[in-house]
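In: what follows is a predicted structure for the sequence shown.
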Amino acid sequence: MQAQTEQTEFGYNSKIEGDVVLTTVDAALAWFRKNSVWPMPMGLACCAIELMAAGASRYDISRFGSEVMRFSPRQSDCMIVAGTVTYKMAGSLKRIWDQMPEPKWCIAMGACASTGGMYRSYAVLQGVDNIVPVDVYISGCPPRPEAVLDALMRIQAKIGTQPILQDTVIARALNLQGTSNK
Amino acid sequence: MATVQDIEIGDSAARSAQAAAELQDMQGEKMVLNMGPSHPATHGVLRIVLELDGEVVTKADPDVGYLHRGDEKIAENMTYTQFIPYTDRLDYLAPLANNVAYALAVEKLLGVQDKLPLRCQYIRVMCCELARISAHLLGLGAFAMDTGAVTVFLLTFTEREKIYNLAEAASGARLTTSYTRIGGLMRDIPPTWCAQVQQFCDEFEVSLAESETLLTRNRIWVDRLRDLAVVSKEMAINYGLSGPNLRGSGVDWDLRKNQPYLCYADLEFDVALGSVGDCYDRYLVRMEEMRQSVRILRQCLQKIPGGWANEAHEPVSIPDGKITLPPKQKVLSSMEELIHQFMLVTEGVNCPPGEIYFGHENPKGELGFYIHSRGGGVPYRLKIRAPSFINLSILGELMPGCMISDVPVILGSLDFVMGESDR
Amino acid sequence: MTSLEAAKTIKAKFGELISEPVEFRREISLKIADPQRIAEVCGFAKSIGFDYLVDVSSLDNYGDDPRWTVVYHLRAIVNGIEIRLKTDVNEEKSELPSVIGVWRTANWHEREIYDMMGIRFSGHPDLRRILMWEGYPYHPLRKDFPLAGKPTDLPGVAFTRVTPMAGGPFVTVAGGNDSIAREPRVRIPEEDEVELNARVEARGDNKAMRGQAVGPGPIKKQ
């Protein structure tokens, strides 16, 4: 029988006392994770310029923990799809997404990545969520760097409420089950 | 009893000679390296298939089209004004320049290029030059970052933020401005804009000097760029290069001087020319162009008709109801203006049948629009002559012979943008 | 030398092959009657000074025969004069000689025209698609290809789907005489007689105007 656990920002679980220690650890792990989200900038078009501006000194994204814009998918946490995804690019994008190790998140930045934007034509994929699961959509054409930072903060909030330890090998070895799904 | 074992160890020279003999059939095989489309140094989604012999590139085949969005086909389904936002996103580092280029092209088709009010022309020139500075700054910043000089990127972006502020004050948007309209501008500049431009010019000259101290006489920078990817004059002309790439090879061709449009004929500025045609020359040409742009900006600030705040209410659009939208007060009270507004919004500017080509000196090169019209407000065919597309075609010729670490340097010196190249 | 003089020189050399120079908005256009001789004409143009090929464009005269028009913009860098050469290619042949031997820049231009319109260039060393991928079955800029695209699937390479147009593109038909003819706003040329007729009517179905620029005239009233 699984009790309904409520995962809050601080991981305090009031229903099952036995989980209290684990969820505090969860909260700590989540804190580590969300303050070091390294983006994989999939900078395709104009939104990439605003993404670069978000990484530059005025709207410094590294103060949120995204210190390095790693172009290596193996070393990044969050893929920011910035720009129009064409059908020709879609295959490469999916491949790069697959190469990213779990846990990973995706931000669809701008109108073109969210829905295809104003390019309703034969060559444009109407939204990157056709090929990768998107966590946060940012509207705008291009969105201001503040909007990118807002999206990053939403991802951080999402990470903050994710159970972590329950899905690890240790937890499974100790026969502890998680109730929420990833 | 200890056992004695004889072990033979040949000397290293003999070992390597033996290995070389064994590997004979493996030598000479080249490696194919796929660079891109997602790559930090390719300035957008460019894929280059490199064939390497050790570290030396033997063949380079650029593969473009990863950002092909179908602009030309979209243009056949949009009115001339509806297409302006798409022009922003061509060279997205200098959207104001693209807007001006497109508006001038349609105005050439209409035959009203010389009817543009003078204030409109001066504002457009200022927008073009600000866009030129913005694009060159980003080109320089990304180029330096790829070569290793990361500080310059942050310095140039700080200056670009100031240009974004100016663009936002004028048009409402930082990046995708859509500032011009057929026959004029979206709206006049705000009264404090010119003062901000003047302040920007003063601050920018200091910052540019700072970036220059970091790069121009830097031993590493010069060594990496000098005598690399030399493009001779004939090759540059034969390959259709334009902009700083063409002038870096010593060809004296600048559309602002040779085919003057707007009020460039009244402004004094120099055209920077290179002598050798290598990457260093192209870099120097771009730096000098930025300084000349500041010079042009200062002259415009002095000469702008109506002054900075336009107390005399000089028009910024051609006052012809068949081309530009009439003032709103008239639209809601007068029949003729209402009809003009209706026709312009629903059917678009009625262009005569015919075809024109108009080339504009964009930061990346010559951005040309070939418009073939069969009457009406929708073009029959709009071809965008993208400078980056043509500049990229020379890669297959430039890269073979250089090392793989020279590849980002060459790409940075050609300064292309994929939004324009693939349209 | 001015553009008009250069045009007259070319016409004098080739005679009947070249049309009379047409001027519109201070640009000179010449029409070349036989597309197979384009490389020859371009070679001669280069020899008299047009060393810079600005642009090569293609045009789909949908509903007309010959269907294709290929447009070359030439420029002489030393004095800045420009000229436009046009040539018609009919659909059955859809092929004309490449001018890559005259200007190397024609390489990518012709690849793009092949990709977008489907016109082949004989003598081109490497005629393959450039903006779409190898194996894409259609030529997107043709007038009978819809803006929304057609579904294709090339496993391992790319796929395309039809874009939801949601009733757009929202432009009225130019040249339709009354508001009823101008609506509805979604037109598909091969299915819509009104649209085709409207376009024919707007041109005045003037055969002399087919593919040609016309001289300056008043903007036609609706």
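Out: Alright, I've got the coordinates.
In: in chain C, what residue is nearest chain A?
Out: residue C:149 (2.8 Å; Cβ to the nearest Cβ). Every residue, glycine included, has its C-beta placed from N, CA and C.
In: contact partners for that residue?
Out: With contact set as Cβ atoms under 8 Å, 6 or more residues apart in numbering or on different chains, residue C:149 has these partners: A:121, A:122, A:123, C:140, C:160, C:161, C:162, C:163.
In: farthest pair within those residues?
Out: Pairwise distances across those (Cβ to Cβ) peak at 14.2 Å, for the pair C:140 and C:161.
In: show me which of these two is the more surrounded one.
Out: residue C:140 (24 against 16; other Cβ atoms under 10 Å in any protein chain shown).
In: now do the SS call for the residue lying closest to the more buried one once chain neighbours are set aside.
Out: Distances taken as Cβ to Cβ, 6 or more residues apart in numbering or on different chains put residue A:122 closest to residue C:140, at 5.3 Å, once the chain neighbours are dropped. Here residue A:122 is coil, with the state taken from DSSP: H, G, I helix; E, B strand; the rest coil.
In: which residues sit in contact with residue B:423?
Out: So residue B:423 contacts B:68, B:69, B:70, B:71, B:72, B:90, B:384, B:386, B:389, C:131 (Cβ under 8 Å, 6+ apart).
In: could you pull up the residues touching residue 133?
Out: Just going to use chain A. residue A:106.
In: nope, chain B
Out: Counted by Cβ under 8 Å, 6+ apart, residue B:133 has contacts B:159, B:163, B:204, B:290, B:293, B:294.
In: now the residue of chain C closest to chain A. Nearest residue, chain neighbours left out?
Out: Using Cβ to Cβ, 6+ apart, the closest residue to residue C:149 is residue A:122 (2.8 Å).
In: how many residues are close by the one you found?
Out: 28.
In: residue B:168 too?
Out: By other Cβ under 10 Å, neighbour count at residue B:168 equals 14.
In: ok, now how distant is the spatially closest residue to it that is not a sequence neighbour from residue A:173?
Out: Spatial nearest neighbour of residue B:168, excluding adjacent residues (Cβ to Cβ, 6+ apart): residue B:174 at 5.0 Å. Separation of residue B:174 from residue A:173 (Cβ to Cβ, to the nearest Å) stands at 52 Å.
In: these two: who's more crowded?
Out: residue B:174 (21 against 8).
In: can you tell me the element residue A:79 falls in?
Out: Element membership for residue A:79 (DSSP states H and E) is strand A:78-82.
In: what does residue B:168 give?
Out: helix B:150-171.
In: which strands or helices does that helix pack on?
Out: helix A:46-55, helix B:95-110, helix B:118-147, helix B:193-215 (3 or more Cβ pairs under 8 Å, 6 or more residues apart in numbering or on different chains; DSSP states H and E).
In: any buried residues in stretch B:361-368, and which?
Out: B:361, B:362, B:363, B:364, B:365, B:366, B:367, B:368 (16 or more other Cβ atoms under 10 Å in any protein chain shown).
In: now, those residues that are in strands?
Out: If you go by DSSP state E, the buried residues of stretch B:361-368 have B:361, B:362, B:365, B:366, B:367, B:368 in strands.
In: any chance of those in TSV, plus pLDDT?
Out: Shown next, in TSV, are those (pLDDT from 0 to 100):
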residue	pLDDT
B:361	95
B:362	94
B:365	94
B:366	94
B:367	95
B:368	95
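In: farthest pair in these?
Out: Among these, B:361 and B:368 lie farthest apart (Cβ to Cβ), at 10.5 Å.
In: give me the subset of the contacts of residue B:423 that also touch chain A.
Out: Filtering those for proximity to chain A (criterion: Cβ under 8 Å from any Cβ of the partner chain) leaves B:68, B:69, B:70, C:131.
In: for the third one, give me the pLDDT.
Out: This means residue B:70. With respect to pLDDT, residue B:70 has a value of 92.
In: what about it, neighbour count?
Out: 25.
In: for it, list the residues it contacts.
Out: Contacts of residue B:70 by Cβ under 8 Å, 6+ apart are A:119, A:121, A:122, A:123, A:124, B:423, C:140, C:147.
In: what sits closest to the fourth one if chain neighbours are left out?
Out: By the measure of Cβ to Cβ, 6+ apart, the closest residue to residue A:123 outside its immediate chain neighbours is residue B:70, 4.7 Å from it.
In: so what's the backbone phi/psi at residue 56?
Out: Using chain A. Per-residue torsions, residue A:56: phi -80, psi -170 (degrees, to the nearest 10).
In: the chain in question should be chain C.
Out: In terms of degrees, to the nearest 10, the main-chain angles of residue C:56 are phi -120, psi 120.
In: what residues does chain A have near chain B?
Out: Checking chain A against chain B by Cβ under 8 Å from any Cβ, the hits are A:42-46, A:48-50, A:52-53, A:56-58, A:71, A:83-84, A:86, A:88-89, A:92-93, A:96, A:118-124, A:141-142, A:144.
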